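Student: Generate coordinates for the sequence data below:
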Amino acid sequence: MSNNKKGGPDSLQLRTGPRVKHGGYTYIRTGKLPKKRANVERYLTWLRRTYAEDIAGREADMTAGQTVLLNKLILLEGLCRCIEITMAEVAEGTGRITEMPTKYLSYVNAIVKVCGMLGIERKDFADGQLTPLEIAATYDKEKEKKGL
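Tutor: I've put the predicted structure just below:
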């Protein structure tokens, strides 16, 4: 019979270190990034402008629904970026890779879904543009013609 009470023979008590604070949840709650994350703010400003251009040409031409989705997308991007930078800093400082927050993949998945709702997807090759395989085949044909 096992004894799982605190301090019992079958209990395993692990010591935990201090929690890593990335500032992402503060950004979600207040809309403000920590001072040490000024580079993330510049990145998000650029990302917002670029997404708006992809969606409607410029932000002023977006519908209200698109603007709401874009706001959510930028919040999620900011949260994920804070987590990624912090994990990289911890790994660099300690030489260890730490565990990502459990919800990180959910946030990334939400980013993908919102991008799909906004119509931001991987672009296929335009008509007249060759794929890498077609470029290689053309190169091989020209090489054969030259006798090389």
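
Student: quick one: low-confidence parts of this structure?
Tutor: Applying pLDDT under 70 to the chain flags residues 1-29, 93-99, 122-128, 130, 148.

Student: need the helices for this structure, in chain order.
Tutor: 24-30, 38-56, 64-94, 104-118, 132-146 (DSSP state H).

Student: could you dump these to a markdown table with mean neighbour count?
Tutor: Yep, even glycine has a C-beta here, placed from its N, CA and C like the rest. Shown next, in a markdown table, are the helices of the chain (neighbours: other C-beta atoms under 10 Å):
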| stretch | mean neighbour count |
| --- | --- |
| helix 24-30 | 15 |
| helix 38-56 | 15 |
| helix 64-94 | 17 |
| helix 104-118 | 15 |
| helix 132-146 | 10 |
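
Student: Surely Met62 and Ala52 touch.
Tutor: Yes - at 6.3 Å, Met62 counts as touching Ala52 under the criterion of C-beta atoms under 8 Å.

Student: Give the residues shared as contacts by the two.
Tutor: Leu70 (C-beta atoms under 8 Å, 6 or more residues apart in numbering).

Student: need the contact list for Leu47.
Tutor: Contacts of Leu47 (C-beta under 8 Å, 6+ apart): 74, 77.

Student: Just give me the neighbour total for Pro34.
Tutor: Residues lying near Pro34 (other C-beta atoms under 10 Å) number 15.

Student: swap in Gly119?
Tutor: Count around Gly119 with other C-beta under 10 Å applied: 10.

Student: Report the separation between it and Ile55.
Tutor: 7 Å (C-beta to C-beta, to the nearest Å).

Student: Next: Ile83.
Tutor: 25 Å.

Student: Over to Val108?
Tutor: Val108 is 20 Å from Ile55, where distance means C-beta to C-beta.

Student: Next: Leu33.
Tutor: Taken as C-beta to C-beta, the span from Leu33 to Ile55 is 23 Å.

Student: Quick check: closest non-adjacent residue to Pro101.
Tutor: Excluding the flanking residues, the one nearest Pro101 by C-beta to C-beta, 6 or more residues apart in numbering is Ile83, at 6.0 Å.
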